[in-house]
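Chemist: For reference, the sequence and a predicted model appear below.
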Amino acid sequence: QVQLVESGGGLVQAEGSLRLSCVASGRTFSTYAMAWFRQAPGKEREFVGAISRRGIDTSYADSVKGRFSISRDNAKNTVYLQMNSLKPEDTAVYYCAAVQGVSYVYTPRTSGGMAYWGTGTLVTVSS
């Protein structure tokens with residue numbers, strides 16, 4: 001079992017940038033494919049981006065493609081979400097999630113397939 005702790009959220013103006021971090025407990029971080037999801041007030045949780053176990057393969061939602069970048073440092077048990085050119089519609093609670101027992105190239109995109117979740121970090125983008 002792994003515990004995930006997100007950080008880096010906050011208030012930012014439109015067109016600004018933030019970098020979210022998610023630190024995982026344990027010694028088997030490289031066995032997990034990782035993903036970021038978000039949930040805006042009154043809306044369902046949605047996929048943002050994902051990264052494979054080795055960090056070679058990534059996948060993004062169309063709404064963030066070209067603006068957000070996901071990366072990971074397995075030596076630090078950390079996955080990052082670099083968010084640039086932020087828009088008010090990016091305002092949401094951002095969640096880090098993990099799934100184990102998948103191939104090296106797998107990039108998860110569905111929340112139902114994730115086994116572990118962090119408690120989230122709030123990102124607010126003002127216009």
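Modeler: Perfect, I can see it now.

Chemist: quick one: secondary structure of the closest residue to residue 125 other than its chain neighbours?
Modeler: Once flanking residues are discounted, residue 125 sits nearest to residue 86: 4.6 Å by Cβ to Cβ, 6 or more residues apart in numbering. Every residue, glycine included, has its C-beta placed from N, CA and C. The assignment at residue 86 comes out as coil when based on DSSP: H, G, I helix; E, B strand; the rest coil.

Chemist: Quick check on residue 86: phi, psi?
Modeler: Per-residue torsions, residue 86: phi -70, psi 150 (degrees, to the nearest 10).

Chemist: Also residue 29?
Modeler: Dihedral angles (degrees, to the nearest 10) for residue 29: phi -60, psi -40.

Chemist: how about low-confidence regions in this structure?
Modeler: Along the chain, no part satisfies pLDDT under 70.

Chemist: give the contact list for residue 87.
Modeler: By Cβ atoms under 8 Å, 6 or more residues apart in numbering, the contact list for residue 87 reads 14, 125.

Chemist: whoops, residue 19 was the one
Modeler: Counting by Cβ under 8 Å, 6+ apart, residue 19 makes contact with 8, 80, 81, 82, 83.

Chemist: Tell me which of the residues you listed fall in strands.
Modeler: 80, 81, 82, 83 (DSSP state E).

Chemist: ok, of these, which come out buried?
Modeler: Among those, those classed as buried by 16 or more other Cβ atoms under 10 Å are 80, 81, 83.

Chemist: hey, where'd the strands end up in the chain?
Modeler: Counting by DSSP E, the strands of the chain are 4-7, 10-13, 18-24, 32-39, 46-51, 58-60, 68-73, 78-83, 92-100, 116-117, 121-126.

Chemist: Using a markdown table, lay out the ones you listed together with distance to residue 107.
Modeler: Below are the strands of the chain laid out as a markdown table (distance: least, Cβ to Cβ, whole Å):
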| stretch | distance to residue 107 |
| --- | --- |
| strand 4-7 | 17 |
| strand 10-13 | 26 |
| strand 18-24 | 16 |
| strand 32-39 | 6 |
| strand 46-51 | 4 |
| strand 58-60 | 4 |
| strand 68-73 | 9 |
| strand 78-83 | 12 |
| strand 92-100 | 10 |
| strand 116-117 | 16 |
| strand 121-126 | 21 |
